[in-house]
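*Asks:* just to be clear, the model below is a prediction. Sequence and coordinates:
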Amino acid sequence: MASKSKAVLVVDDDAELLAMVQTVLEGAGHRAVTATDGQDALEKVAQEMPALILLDMKMPGVDGWEFARDFQAKYDRGAPIVVLTAADDARKRAEEIGAQGYLGKPFDIDRLIRIVESYIGKGG
């Protein structure tokens, strides 16, 4: 049976980071769906529009820029995007794709939860 809560889509090519973020979000009462690159993320979005997308920029294959371009072309602003990046200029990366926010890596778990809940509320 499908959960009533909208998912948070986490897109990153770092499997350990994906697992950690998924565990943290689910521990805070959110449903997390993961994708390992932009193509995988586009396929997940086609199945279910998430409430929020946490997007890494530098990934093999379809990277964050290409994902954002394709997502926005197809779905306009179907879900807010928050960029997850280790780049020094996280704000610039977010502005490049018209993202609603950004979170620099490494990030504080409490800050991650606060950002997610600022977009979708507590517990999904």
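*Replies:* Thanks, I have it.
*Asks:* burial count for Val116?
*Replies:* Here the count is done by other C-beta atoms under 10 Å, and Val116 has 25 residues near it. Backbone N, C-alpha and C define where each C-beta goes, glycine included.
*Asks:* contacts only, for it.
*Replies:* The contact partners of Val116, taken as C-beta atoms under 8 Å, 6 or more residues apart in numbering, are Val8, Leu25, Ala28, His30, Leu52, Leu54.
*Asks:* pop out the phi and psi values for it.
*Replies:* According to degrees, to the nearest 10, the main-chain angles of Val116 amount to phi -60, psi -50.
*Asks:* please apply the same query to Glu95.
*Replies:* According to degrees, to the nearest 10, the main-chain angles of Glu95 amount to phi -60, psi -40.
*Asks:* burial check on it, number of neighbours?
*Replies:* Applying the criterion other C-beta under 10 Å, we find 12 residues in the vicinity of Glu95.
*Asks:* now, which of the contacts of Val116 lie within strands?
*Replies:* When DSSP state E is applied, the contacts of Val116 are split such that Val8, Leu52, Leu54 fall in strands.
*Asks:* check what pLDDT the most centrally placed residue in the chain gets.
*Replies:* For the chain, the residue whose C-alpha lies nearest the mean C-alpha position (C-alpha atoms, centre = their mean) is Leu54; its distance is 1.4 Å. We note a pLDDT of 98 for Leu54 in this prediction.
*Asks:* list the contacts for it?
*Replies:* Leu54 makes contact with Val8, Leu9, Val10, Val11, Asp12, Val21, Val82, Leu84, Leu103, Val116, according to C-beta under 8 Å, 6+ apart.
*Asks:* what's the closest non-adjacent residue to it?
*Replies:* Val10 (4.7 Å; C-beta to C-beta, 6 or more residues apart in numbering).
*Asks:* how far is the helix or strand where that neighbour lies from where the chain is centred?
*Replies:* When elements are assigned from DSSP states H and E, Val10 belongs to strand 7-11. Taking C-alpha atoms, centre = their mean, to the nearest Å, one finds the center of strand 7-11 at 5 Å from the center of the full chain.
*Asks:* that strand pairs with which strands?
*Replies:* Applying DSSP bridges to the sheet, strand 7-11 is found paired with strand 31-35 (parallel), strand 52-56 (parallel).
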